[in-house]
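[1] coordinates for the following, if possible.
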Amino acid sequence: MGFKTADVPDQHGRTILITGANTGIGFEAAKALASKGARVLLGCRDADRGEAAIRDIAAAAPGADLDLVLLDQADLVSVHAAAERIAGEPRLDVLLNNAGVMIPPLSRTVQGFELQFGVNHLGTFALTALLLPKLAQTLGSRVVVTSSLAHRRGRMLWDDWNAERSYDPARYYGQSKLANLLFVLELDRRLRAAGSPVHAIGCHPGVSLTELMRHLPRWTQSLMPLARPLFNPVSAAAWPALQAATDPQAQGGDYFGPQGPWEMRGVSGSAVVESFAREAENARRLWDLSVELTGIDPGLPAV
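    Next up is the predicted model:
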């Protein structure tokens with residue numbers, strides 16, 4: 001037993017925003033949800049690629065209700081603009097935070113943050129905080145945050161979180177994915193304490209060959225086809241996100257991932273959260289830092 005696309009219930013009447021929706025897991029989730037009747041907003045930083053994704057989904061799901069939202073999580077100005085655009089929607093049932101970058105050369109966001117921390121965490125934090133009032137208008141709405149198996153080796157690099165002194169791409173990717181999990185679990189605690197109708201749920205896709213892998217060294221990429229049997233097809237890698245977004249049995253604070261060996265592939269179900277990802281002190285420290293860096297306060301007091 002486990003959750004797959006076939007288990008997604010009817011989504012007619014629901015509106016779902018998916019970030020990073022023009023490729024990979026985001027695209028597969030958008031296609032699946034559109035085929036189930038949802039109005040799907042594709043958050044994409046490139047208009048041409050976003051429109052191409054909409055055409056592809058519409059071809060696979062005739063009559064699908066699709067729209068493009070320009071969103072670049074490497075620029076907080078763009079995040080604000082996207083949130084303002086979405087606030088004009090009649091409703092928002094799910095924010096599926098999927099956009100991310102993985103182990104690039106040292107790069108920075110428009111506001112000067114290390115790219116992985118800036119896009120994967122701060123962009124997610126900012127967009128979520130800005131959309132919470134909209135989500136709260138709908139009973140049972142959800143925030144989904146995509147973490148990774150990499151959270152297991154991740155550590156918060158408090159003494160150099162912005163890579164001012166040194167940079168190792170894998171370490172900073174691990175930090176960003178741990179931050180995703182610390183954030184979604186802290187968000188769940190604060191939403192519950194506030195009596196909010198919004199639920200915060202985490203997920204991870206296992207291991208899949210997506211565009212996210214484009215910054216891996218060439219020698220590593222050359223070995224990927226040999227390891228393909230261990231990996232999730234991209235369509236299956238979307239199952240944990242689909243479960244987090246739509247499973248009627250899902251609860252705030254849940255964390256979903258593949259059920260196969262080492263959680264690398266397979267149907268979706270409950271996944272393992274490392275104990276340090278549940279540390280409330282680190283989560284509160286990250287929350288306060290995120291408010292300071294983004295200038296956006298979700299208005300949810302610490303528990």
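
[2] so where do the strands sit in the stretch 101-250 of the chain?
    Applying DSSP state E, counting those that start in this stretch to the stretch 101-250 of the chain gives strands spanning 142-146, 199-203.

[3] now those in CSV, with distance to residue 168 and mean neighbour count?
    Every residue, glycine included, has its C-beta placed from N, CA and C. Output for these, formatted as CSV (distance: least, Cβ to Cβ, whole Å; neighbours: other Cβ atoms under 10 Å):
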stretch, distance to residue 168, mean neighbour count
strand 142-146, 22, 27
strand 199-203, 25, 27
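
[4] can you redo the ones you listed as JSON lines with mean pLDDT and distance to residue 6?
    Output for those, formatted as JSON lines (pLDDT from 0 to 100; distance: least, Cβ to Cβ, whole Å):
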{"stretch": "strand 142-146", "mean pLDDT": "98", "distance to residue 6": "19"}
{"stretch": "strand 199-203", "mean pLDDT": "98", "distance to residue 6": "18"}
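
[5] what's the closest of those strands to residue 83?
    Closest approach to residue 83 among the strands of the stretch 101-250 of the chain is made by strand 142-146 (13.2 Å; Cβ to Cβ).

[6] neighbours around residue 168, how many?
    By other Cβ atoms under 10 Å, the residues close to residue 168 number 12.

[7] which residue, other than its chain neighbours, is closest to residue 107?
    residue 115 (4.1 Å; Cβ to Cβ, 6 or more residues apart in numbering).

[8] show me where the stretch 1-150 of the chain has helices.
    24-35, 47-60, 76-87, 115-116, 124-135 (DSSP state H, counting those that start in this stretch).

[9] so which of the ones you listed comes closest to residue 284?
    helix 124-135 (13.5 Å).

[10] can I have the closest one written out in CSV, keeping just the CAs?
    These are the backbone C-alpha positions of helix 124-135, laid out as CSV (Å, rounded to 0.1, in the frame of the first residue of the first chain):
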residue,chain,number,x,y,z
THR,A,124,9.8,29.6,0.5
PHE,A,125,9.5,31.3,3.9
ALA,A,126,8.7,34.7,2.3
LEU,A,127,6.1,33.4,-0.2
THR,A,128,4.5,31.3,2.5
ALA,A,129,4.3,34.1,5.0
LEU,A,130,2.8,36.5,2.4
LEU,A,131,0.2,33.9,1.4
LEU,A,132,-0.9,32.7,4.8
PRO,A,133,-3.7,35.3,5.1
LYS,A,134,-5.1,34.1,1.7
LEU,A,135,-4.8,30.4,2.7
